[in-house]
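Student: Curious how this folds, go ahead:
(one chain, ligands or ions: 1)
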Amino acid sequence: MEQENCNWFVFYKDQILILQTENGYHVPCCTEPPVAVPIGSTIHTIGEMNGLPCKTYSLHTPIPGSESPARQMMGLRASFDFLPLQEYQMGGKAFQILNWDQNSRYCPACGVPTHQISPIAKKCPQCRQEFYPRISPAIIVRIQKGDSILLVHARNFRGTFNGLVAGFLEPGETLEECVHREVAEETGLHIKNLKYFGSQPWPYPSGIMIGFTADYESGEIKLQAEELNAGAFYTKDNLPEIPGKLSLARKLIDDWLGENSQTDLG
Ligand SMILES: [Zn+2]
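Tutor: Here you go, the predicted model:
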């Protein structure tokens, strides 16, 4: 029987192997793993793309000679600008599965090796506890006041751009309560008319962003100094540097600007 082609998502740390072809940049599509699979590395089947299975595994060392433009390792975030969206998104899933695999090798209660029982489940043979990839939800919100929106610079942003208020969901909280709490804690403002906008997996390393829009209700901006070092309302004609197309923040801002973001979140 002829062997089927697979889409291969090969990682070294957060770097993904991509090929430059006549039809643009793609992950390798071939029958055999494009790079020797190291001992101790598991090949995970993570889904299907264009009717072909998608598989992923990680390398322990960088690929020698992978610096040619035709075959290179590239940071997953950077690959967004090169790979077709579907391949970038599947790359994100692959990265999360590999991360989970690496971090769930032993049962945290018994300390014995876990067994993988499905593509996204492992089980402890001793206490029978099951382990799934952990996904950490975080909210992000666009707050509008008249013809302006609130943009902030968080201390943990990778760059000089200004983004939107965001934060992690806490145990026992609804997403809506989380938005109100984060906005009040980080900016001192109160908001109203909270509406769901959309969501986006954020595989850095295991998040999902849940986006909302809201209107300013009351309060003066009082920044939480440990989290934010800048924040103000901006109109369309005095916007500072804003986040890249990769992010849900940008899609929320583009939506307000009346522009279509390239990222179709479905
Ligand atoms: Zn156990």
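Student: What residues sit buried inside the host helix or strand of Gly211?
Tutor: Using DSSP states H and E, Gly211 sits in strand 207-218. Buried positions in strand 207-218, judged by neighbour count with 16 or more other Cβ atoms under 10 Å: 207, 209-214, 216. C-beta here means a position set from N, CA and C on the backbone, and glycine is covered the same way.
Student: Check stretch 123-139 too.
Tutor: Of all the residues in stretch 123-139, those buried under the rule 16+ other Cβ under 10 Å are 123-124, 131, 133, 138-139.
Student: Filter those down to the ones in helices?
Tutor: Among the buried residues of stretch 123-139, no member falls in helices (DSSP state H).
Student: Those also near the ion: which ones?
Tutor: The subset of the buried residues of stretch 123-139 within reach of the ion, by Cβ under 5 Å from the ion, is Cys124.
Student: Closest one to Asn50 out of the buried residues of stretch 123-139, please.
Tutor: Pro133 (24.0 Å; Cβ to Cβ).
Student: That closest one against Ser118, yeah?
Tutor: No: when contacts are counted by Cβ atoms under 8 Å, Pro133 is not listed as touching Ser118 (11.2 Å).
Student: got the contact list for the residue lying closest to Leu246 once chain neighbours are set aside?
Tutor: The shortest distance from Leu246 to any non-neighbouring residue, by Cβ to Cβ, 6 or more residues apart in numbering, is to Phe80 (4.6 Å). Residues near Phe80 by Cβ atoms under 8 Å, 6 or more residues apart in numbering: 88, 245-246.
Student: Turn those residues into CSV, columns for secondary structure, distance to the ion and neighbour count.
Tutor: Formatted as CSV, the contacts of Phe80 follow (DSSP: H, G, I helix; E, B strand; the rest coil; distance: Cβ to the ion, whole Å; neighbours: other Cβ atoms under 10 Å):
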residue, secondary structure, distance to the ion, neighbour count
Tyr88, helix, 36, 22
Lys245, coil, 43, 13
Leu246, coil, 38, 19
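Student: any chance of those in JSON lines, plus pLDDT?
Tutor: Shown next, in JSON lines, are those (pLDDT from 0 to 100):
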{"residue": "Tyr88", "pLDDT": "97"}
{"residue": "Lys245", "pLDDT": "91"}
{"residue": "Leu246", "pLDDT": "91"}
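Student: for the closest residue in space to Val37 that isn't next to it in sequence, helix, strand, or coil?
Tutor: Nearest non-adjacent residue to Val37, counting by Cβ to Cβ, 6+ apart: Tyr57, 5.5 Å away. Assigned by DSSP: H, G, I helix; E, B strand; the rest coil, the conformation of Tyr57 is strand.
Student: is Tyr57 in a bridge, and if so with what?
Tutor: Tyr57 has these beta-bridge partners by DSSP bridges: Val10.
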